[in-house]
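Colleague: next one to model:
(chains A, B, C and D)
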There are 2 protein chains.
Amino acid sequence: MKPKITLKDIARELDVSISTVSKALKNSAEISKDTKDKIKAFAKFYNYRPNNIALSLKNKRTKNIGVIIPDIVHHFFTTVFRGIEKYANEKGYNVIVCISDESNEKEVINMEMLANGSIDGFILSLSAETQLKNEYTHLKELLDQGIPIVLFDRVTSEIECDKVVLNDAEIACEAVGHFIKAGSKRIALVTTEKYFNVSENRRIGYLDALKVHNFKVDENLILTLSHDMENDMLITEFFQNNKVDAVLCVNEIFAIQCMSIIQELGFNVPNDISIIGFTDGILSRFSVPRLSTVAQHGELMGETAAKLLIDRMEWLDEVEEPFKTEVINATLIKRGSSIN
Amino acid sequence: MKPKITLKDIARELDVSISTVSKALKNSAEISKDTKDKIKAFAKFYNYRPNNIALSLKNKRTKNIGVIIPDIVHHFFTTVFRGIEKYANEKGYNVIVCISDESNEKEVINMEMLANGSIDGFILSLSAETQLKNEYTHLKELLDQGIPIVLFDRVTSEIECDKVVLNDAEIACEAVGHFIKAGSKRIALVTTEKYFNVSENRRIGYLDALKVHNFKVDENLILTLSHDMENDMLITEFFQNNKVDAVLCVNEIFAIQCMSIIQELGFNVPNDISIIGFTDGILSRFSVPRLSTVAQHGELMGETAAKLLIDRMEWLDEVEEPFKTEVINATLIKRGSSIN
DNA sequence: TTGTAGGCGTTATCAA
DNA sequence: TTGATAACGCCTACAA
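Modeller: Numbering: from 1, shown residues only, chains lettered A, B, ... in the order given. Next comes the predicted model:
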């Protein structure tokens, strides 16, 4: 067992002062070559590495980013996280993750915990409960303290900060347009509760498309499912009671569930009913037929969020940049579950 | 903008000494009620919170855990991570994640980075490359420095530390036994390169089961696929060229790929060919037919790993506990892709 | 060319 | 009951 070595240890062993060691290891011109060589050799031999914590305290920056996501088991968040981690790592930052589990309380507690020096900035996607309660004081306070925040995907206009969002409305509109062009007449939307900004935007896009193509809206064709419950019964009833020839689902799970139930009910996908989902995850790629889907480019979203945050953190001392909202353009991926 | 307040700030404003403030906020009996009340009120008003970094430096413990996983996009690792995060959070620890991306170099760099004070201990699953090269000096050095490590799933006997593993051989044996009981005669194994300890153990279990039931081993029925390449051609050829009535796959993706190709080739699952996979992920639950699978209980594995690590870290000063290897018992989940 | 001193924010020990 | 001081590990302005 050989514990970590410090500048002090080196100084003591080599009988020089701590600052000499510090300077020598930074290759300062102040120090004679002899001393530098001696100190460097010693440091190398004992595998000296500066202590991150001490550096953080001194520099008042930790090189840590706090990431708060509602649920890591969702493919979309996982890919965003990967993008964040990748970019952050390249830039020498570490990532501390907390999972809010869709709970406002956890979100608040975790953020306050991390905000006390552990991180330099946050990247987060709002928990369901936070969106439901519309409660953002914790974010406002952190911004007030000068801690930069980047919101992604689940964002809110109540907070002024950098954001990364998908062009949800547009792409939903495009997807519905795709259905219409292929001849669909009765297009359903399977969505979540309204307080999710993303669902709401996708709904807007859905309605827009209908309007543009002079379809009239049938509220019966909009099925709202809970984000955290078993929905099979509701879905079954929905497709039994409504004549539908196309469905846009706001996430991958809903899409796969719908497809499975639709098939069980004896309909053919895509001939009787076309389906398009959101999130180009593993489910979409391996289903039968393969699921047409909206690729959200989670990894790019993550990288973009990390870039926004790191740029802001590193420029913080200098100019005060205005807040930006980066829009990631989703892509419609046409596979077997919809007609071309 | 109101920056974070420090003990010093409070002391200055209230015209007392820093140590008085510190004691008052810890409710020390040394300080008079009056002073305490005054200081507490002030601190509360300005929302004082001790700086984590300063505490870390002082206490020589960060309350951070470093987690290194090969790939966050794999369902299994995601669930393990969730278990770690959950347990750690309950115990007041934060989790810093690095993704090794199956690369030994990244694994080494990230661990060394974090080891310089950022974390108190590691939980990791070895990268593919690390297992391939059989290179563990980085782990040895960290252990040598007194940094505790818990390995999970992808472990090695070369390193002495706490471990959490699945009873891979046993459960693979059980799965093959299940095939045999259902009448299968020609049972295939679809696996990855041998250097993965888990695949090797599952192979051993597969062979054991054959032996126990007096089946002779046909090496042609063992298909080895790369963990990072397109394997569709190989799989197709395999099922075209070999008469097979049951397949055990060492992961979920292989299982789904096999099922899809088997169906395309015109076989019925499970009547012509039964399939059992590993990892009870989202793919298994939504495939048609639903995939019989080995549930690895990732979340439990994560919690167990976190508990081992935290216990060791918190007892470190006291007794020196011997290293433990916790075995998680997998569960065979029988669904539509295999005959009962 | 090298060393001293002060500070980052906190706590603990000891002195007043 | 309160305060001064040192320490955690590092850096840096300034002094020698």
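
Colleague: which residues of the stretch 1-150 of chain A lie near DNA strand D?
Modeller: A:6-8, A:18-19, A:22-23, A:25-26, A:30, A:50-51, A:53-55, A:57-58 (Cβ under 7 Å from any atom of the strand). All C-beta atoms are positioned from the backbone trio N, CA, C, and that covers glycine.

Colleague: give me the buried positions along stretch A:288-302.
Modeller: Using 16 or more other Cβ atoms under 10 Å in any protein chain shown as the test for burial, stretch A:288-302 gives A:288, A:290-302.

Colleague: sorry, that was for stretch A:100-119
Modeller: Within stretch A:100-119, the residues that count as buried by 16+ other Cβ under 10 Å are A:100-104, A:106-108, A:110-111, A:113-119.

Colleague: any idea how many residues pack against A:Lys181?
Modeller: For A:Lys181, the number of neighbouring residues by other Cβ atoms under 10 Å in any protein chain shown comes to 11.

Colleague: that older thread, JSON lines for the buried residues of stretch A:288-302, including distance to A:Asn64 and pLDDT?
Modeller: Below are the buried residues of stretch A:288-302 laid out as JSON lines (distance: Cβ to Cβ, whole Å; pLDDT from 0 to 100):
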{"residue": "A:Val288", "distance to A:Asn64": "44", "pLDDT": "85"}
{"residue": "A:Arg290", "distance to A:Asn64": "40", "pLDDT": "92"}
{"residue": "A:Leu291", "distance to A:Asn64": "37", "pLDDT": "96"}
{"residue": "A:Ser292", "distance to A:Asn64": "40", "pLDDT": "97"}
{"residue": "A:Thr293", "distance to A:Asn64": "34", "pLDDT": "97"}
{"residue": "A:Val294", "distance to A:Asn64": "33", "pLDDT": "98"}
{"residue": "A:Ala295", "distance to A:Asn64": "30", "pLDDT": "98"}
{"residue": "A:Gln296", "distance to A:Asn64": "26", "pLDDT": "97"}
{"residue": "A:His297", "distance to A:Asn64": "26", "pLDDT": "98"}
{"residue": "A:Gly298", "distance to A:Asn64": "22", "pLDDT": "97"}
{"residue": "A:Glu299", "distance to A:Asn64": "21", "pLDDT": "98"}
{"residue": "A:Leu300", "distance to A:Asn64": "23", "pLDDT": "98"}
{"residue": "A:Met301", "distance to A:Asn64": "21", "pLDDT": "98"}
{"residue": "A:Gly302", "distance to A:Asn64": "16", "pLDDT": "98"}
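
Colleague: now those residues as CSV including secondary structure?
Modeller: Supplementary listing: those in CSV, determined by DSSP: H, G, I helix; E, B strand; the rest coil:
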residue, secondary structure
A:Val288, coil
A:Arg290, coil
A:Leu291, coil
A:Ser292, strand
A:Thr293, strand
A:Val294, strand
A:Ala295, strand
A:Gln296, coil
A:His297, coil
A:Gly298, helix
A:Glu299, helix
A:Leu300, helix
A:Met301, helix
A:Gly302, helix
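
Colleague: and of these, the nearest to chain B?
Modeller: Using Cβ to the nearest Cβ, A:Val288 comes nearest to chain B of the buried residues of stretch A:288-302, at 5.9 Å.

Colleague: with adjacent residues omitted, what lies nearest to that closest one?
Modeller: B:Val288 (5.9 Å; Cβ to Cβ, 6 or more residues apart in numbering or on different chains).

Colleague: coming back round to it: show the buried residues in the residues of the stretch 1-150 of chain A next to DNA strand D.
Modeller: The neighbour count (16+ other Cβ under 10 Å) marks A:Thr6, A:Leu7, A:Ser22, A:Lys23, A:Leu25, A:Asn51, A:Ile53, A:Ala54, A:Leu57 as buried among these.

Colleague: so what's A:Tyr195 up against?
Modeller: With contact set as Cβ atoms under 8 Å, 6 or more residues apart in numbering or on different chains, A:Tyr195 has these partners: A:Ala128, A:Gln131, A:Leu132, A:Asn134.

Colleague: most neighbours out of these, which is it?
Modeller: Of all the contacts of A:Tyr195, A:Gln131 has the most neighbours under the rule other Cβ under 10 Å, reaching 25 neighbours.

Colleague: so for that residue, what's the pLDDT?
Modeller: For A:Gln131, the pLDDT comes out at 96.

Colleague: in this structure A:Glu158 contacts A:Asn134, no?
Modeller: Yes: the pair A:Glu158 / A:Asn134 is scored as a contact, 7.1 Å apart, by Cβ atoms under 8 Å.

Colleague: show me the helices in the stretch 151-300 of chain A, by range?
Modeller: A:168-181, A:197-212, A:232-241, A:252-264, A:282-286, A:298-315 (DSSP state H, counting those that start in this stretch).

Colleague: which residues are contacting the first one?
Modeller: Under the criterion Cβ under 8 Å, 6+ apart, residues A:187, A:198, A:201-206, A:208-210, A:212-213, A:215, A:246, A:248, A:274, A:276, A:294, A:329-332, A:334, A:338 lie in contact with helix A:168-181.

Colleague: perfect, that will be all.
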